[in-house]
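Student: no FASTA, just this:
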Ligand SMILES: [Fe+2]
Ligand SMILES: [Fe+2]
């Protein structure tokens, strides 16, 4: 996880760093902490997405709908694996170890970066 995912919008980078820290703690936690940390990652993601969505609403960002759809997909998927993991821990583990980082990274690079550029143009 050594990619530089910073977009140089402090408030967004802060949320992204917090997410990465949470993800890395789930990846190395004892089994007993897996589900509670997974749940924490979901709440953090809800808060992170709601934060960006509020900015987009306030500034009438042109790419809002695409961004909202992506958030709904990512969160839906995260919740799907969380619920699956209650019965089948291996599903949750494979999501956390093999998918979550790439999904997140792709969102930042392809989608959040457009918002960050727009914010810079608007002196945010
Ligand atoms: Fe983000
Ligand atoms: Fe986003």
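Tutor: Received, thanks. Quick caveat: nothing in here was measured; it's all calculated off a predicted structure. Ligands and ions are numbered 1, 2, ... in the order given.
Student: what about residue 42, neighbour count?
Tutor: Residues near residue 42, counting by other C-beta atoms under 10 Å, number 15. Any C-beta I mention is one placed from the backbone N, CA and C, and that applies to glycine too.
Student: Was I right to think it contacts residue 76?
Tutor: No - Residue 42 is not in contact with residue 76 according to C-beta atoms under 8 Å; the separation is 10.8 Å.
Student: got the residues of this protein near ligand 2?
Tutor: 52, 112 (C-beta under 5 Å from the ion).
Student: switch to 8 Å and redo it
Tutor: 48-49, 52, 67, 70-71, 107-108, 111-112, 115 (C-beta under 8 Å from the ion).
Student: which one among the residues you listed gets closest to residue 36?
Tutor: Of all the residues of the chain next to ligand 2, residue 36 sits closest to residue 48, with 18.5 Å by C-beta to C-beta.
Student: Show me where this structure has its strands.
Tutor: Taking DSSP state E as the criterion, the chain contains no strands.
Student: pLDDT weak spots in it?
Tutor: Counting by pLDDT under 70, the chain contains low-confidence residues at 1-2.
Student: What residues of stretch 71-79 count as buried?
Tutor: Buried residues in stretch 71-79, counted by 16 or more other C-beta atoms under 10 Å: 71, 74, 78.
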